[in-house]
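S.K.: after the sequence you'll find the predicted model.
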Amino acid sequence: MIKVNDDLIVNPMHVASITWDRGHSYTAMTIHMVDGTKHSVRHNPSPYGGTDCYKAEALIVAGFDKAMASVERLA
């Protein structure tokens, strides 16, 4: 399980895709789940508890890769 921010924890194996919305003054990551739900998270890195979406994306991808490697070892 990956903690994206204080309000959202996702299972990397349930993530279908990740897209980015980059506006003039903001950046947001949208996580699309396999059940069709979407979670939009604004990138707001701060040493006082903000959300670093780039780090969250890297953790989700690493978690997925680790889970797939475990599945391949069992096969």
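M.R.: Cool, the structure landed.

S.K.: quick check: closest non-adjacent residue to the one residue sitting closest to the centre of the chain.
M.R.: Nearest to the mean C-alpha position of the chain, by Cα atoms, centre = their mean, lies Glu57 at 4.3 Å. Distances taken as Cβ to Cβ, 6 or more residues apart in numbering place Ile18 nearest to Glu57, at 5.7 Å, with adjacent residues excluded. Using the backbone N, CA and C atoms, a C-beta is placed for each residue, glycine as well.

S.K.: the one you found sits in which helix or strand?
M.R.: Applying DSSP states H and E as the criterion places Ile18 in strand 15-22.

S.K.: return that strand as CSV; C-alpha atoms alone will do.
M.R.: Taking Å, rounded to 0.1, in the frame of the first residue of the first chain, the C-alpha atoms of strand 15-22 are listed here in CSV:
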residue,chain,number,x,y,z
VAL,A,15,-3.8,1.3,-10.3
ALA,A,16,-4.8,1.2,-14.0
SER,A,17,-3.0,4.4,-15.1
ILE,A,18,-1.7,7.7,-13.9
THR,A,19,-2.2,10.9,-15.9
TRP,A,20,-1.0,14.5,-15.3
ASP,A,21,-2.8,17.8,-15.5
ARG,A,22,-0.4,20.7,-15.8
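
S.K.: just give me the neighbour total for the closest residue in space to Val34 that isn't next to it in sequence.
M.R.: The shortest distance from Val34 to any non-neighbouring residue, by Cβ to Cβ, 6+ apart, is to Ala16 (4.8 Å). A total of 12 residues lie near Ala16 under the criterion other Cβ atoms under 10 Å.

S.K.: same check on Thr27?
M.R.: 14.

S.K.: tell me the contacts of it?
M.R.: Trp20, Asp21, Arg42, His43, Cys53 (Cβ atoms under 8 Å, 6 or more residues apart in numbering).
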